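Peer 1: this is the structure alone, sequence omitted:
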């Protein structure tokens, strides 16, 4: 399962392209099964508040983080929400995507997803 947060639609677009089971973070309060988190970066490198609240309650089931960002805000801020979450919770950062990403990004995400669910 992928739990995702999308503000501009880029993350939602990617999730649809991946074709993997997914739920919008706004529709999930508690999850008791393994999942990957897919988020955007807010402002200048912040974790979106909805993601921060969700992770506080559900980080223990998270098996990896995927983050979307925009390099126009500078290297230090690109996908920083993913860096912050990975560090805070000790969860692997799987992929950073620029805006809607590339086919290579999608393949990396799918490969990681399938490797995790072989283990579960």
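Peer 2: Nice, thanks for sending it over. The shown structure was predicted, so the numbers you read here are calculated from the model rather than taken from an experiment. Numbers count the residues shown, from 1 in each chain.
Peer 1: tell me the buried residues in stretch 62-75?
Peer 2: Using 16 or more other C-beta atoms under 10 Å as the test for burial, stretch 62-75 gives 62, 63, 64, 65, 66, 67, 68, 69. For the C-beta atoms, the positions are set from N, CA and C on the backbone; glycine is no exception.
Peer 1: my guess is the second one meets residue 34, correct?
Peer 2: Read that as residue 63. Yes: the pair residue 63 and residue 34 passes the contact test of C-beta atoms under 8 Å, sitting 5.0 Å apart.
Peer 1: what sits in contact with each of those two?
Peer 2: Contact criterion C-beta atoms under 8 Å, 6 or more residues apart in numbering; residues shared by residue 63 and residue 34: residue 116.
Peer 1: what is the longest helix that the chain contains packed up against?
Peer 2: In the chain, with assignment by DSSP state H, the single longest helix is helix 103-119. Applying 3 or more C-beta pairs under 8 Å, 6 or more residues apart in numbering; DSSP states H and E, one finds that helix 103-119 makes contact with helix 10-18, strand 35-40, strand 62-69, strand 93-98.
Peer 1: winner for burial among those?
Peer 2: Among those, the stretch with the highest mean neighbour count (mean count of other C-beta atoms under 10 Å) is strand 35-40, at a mean of 26.
Peer 1: quick one: strands adjacent to that strand?
Peer 2: strand 2-4 (parallel), strand 62-69 (parallel) (DSSP bridges).
Peer 1: export the helices and strands packed on helix 103-119 to CSV and tack on mean pLDDT and distance to residue 4?
Peer 2: Shown next, in CSV, are these (pLDDT from 0 to 100; distance: least, C-beta to C-beta, whole Å):
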stretch, mean pLDDT, distance to residue 4
helix 10-18, 94, 5
strand 35-40, 96, 4
strand 62-69, 95, 8
strand 93-98, 94, 12
